[in-house]
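> have a look at this prediction, sequence included:
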Amino acid sequence: MFGGDDVVHLTVSGHPGSGTSTLVANLCTKRGWSFLNGGAVFRSISEERGISLEDFSALCDSEPEVDKSLDERLITAMMDENGPEIVESRLSGWWAYRENINCLRLWISVTPEERARRVVKREGGSQTDALARIHSRMETDQIRYHNLYEISLGNLTPYNLIINSDTLSANEVTELVEAELVKRGV
């Protein structure tokens with residue numbers, strides 16, 4: 001049996017715009033599973049502190065311990081017998097790998113150009129502007145993850161399933177992941 005009744009079954013990671021949230025929603029609907037979204041944890045702590053997301057993000061940049069405490073919440077949830085079956089965050093696969101959690105650790109890969117196309121389709125704007133924002137965020141995130149944890153987002157070692165979704169629909173990605181879960185006895 002891959003995974004277990006007492007730990008997370010699946011971690012879902014990928015850059016913003018890669019389709020992680022859509023995949024998680026599809027799997028939770030299909031399987032009746034619960035999930036924890038790292039971005040939602042970030043937003044809830046911002047609300048707990050009574051500050052805007054922008055101010056909280058700046059606080060995380062200036063006080064690395066805040067970011068680390070967020071990640072500790074995700075790790076704790078992954079190992080909780082009453083925790084969610086899916087944890088979605090950029091680094092959730094890394095945490096499961098480092099904690100030796102026997103689960104499916106998925107990275108959804110999408111080129112920046114395709115992510116920009118998806119953002120423009122969803123939110124409007126120009127492809128050029130969307131691509132510039134994506135590159136800027138990737139650079140900022142990489143610096144933060146390196147400084148905090150010496151993690152390179154380009155290193156996909158922790159992931160035991162990598163799906164390039166540039167040319168796949170959300171349903172096709174869901175079907176691939178579902179087939180892998182079934183294959184692994186989850």
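Yes, it's here. These numbers were taken from a predicted model, which means no experiment stands behind them. Residues are numbered from 1 along each chain as shown.

> right, and the helix or strand after the helix or strand encompassing Q142?
According to DSSP states H and E, Q142 maps onto helix 127-149. Using DSSP H and E, the helix or strand that follows helix 127-149 in sequence is strand 161-164.

> check which helices and strands that next one is in contact with.
strand 104-109, helix 170-183 (3 or more C-beta pairs under 8 Å, 6 or more residues apart in numbering; DSSP states H and E). From N, CA and C alone the C-beta is placed, and that goes for glycine too.

> before we move on, back to that, packing partners of the helix holding Q142?
helix 64-79, helix 112-123.

> can you point out the buried residues in it?
Along helix 127-149, these residues count as buried under the neighbour rule (16 or more other C-beta atoms under 10 Å): 130-131, 134, 138, 145, 149.

> quick one, what contacts the closest residue to I101 other than its chain neighbours?
Nearest residue to I101, sequence neighbours excluded (C-beta to C-beta, 6 or more residues apart in numbering): V7, at 5.3 Å. By C-beta atoms under 8 Å, 6 or more residues apart in numbering, V7 lies in contact with 78-79, 81, 83, 101-103.

> I'd like those as TSV, with pLDDT and neighbour count appended.
TSV is the format used below for the contacts of V7 (pLDDT from 0 to 100; neighbours: other C-beta atoms under 10 Å):
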residue	pLDDT	neighbour count
M78	94	22
M79	92	15
E81	88	8
G83	92	18
I101	93	21
N102	92	15
C103	95	26
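
> tell me the one of the residues you listed nearest S34?
Closest approach between the contacts of V7 and S34, by C-beta to C-beta: G83, at 8.2 Å.

> was I right about that closest one contacting A77?
Yes. Using C-beta atoms under 8 Å, G83 makes contact with A77 at a distance of 4.5 Å.

> flag the shaky bits of this protein, pLDDT-wise.
1-6 (pLDDT under 70).

> what's the closest non-adjacent residue to the residue lying farthest from the centre of the chain?
Ranked by distance from the centre of the chain (C-alpha atoms, centre = their mean), the top residue is S126, with 25.3 Å. Closest residue to S126 apart from its sequence neighbours, by C-beta to C-beta, 6+ apart: V120 at 6.9 Å.

> now do the one you found against N164, distance only.
Distance of V120 to N164, given as C-beta to C-beta, to the nearest Å: 20 Å.

> return the distance of S21 relative to E180.
19 Å.

> ok, now C28?
16 Å.

> again with R49
Distance from R49 to E180, by C-beta to C-beta: 38 Å.
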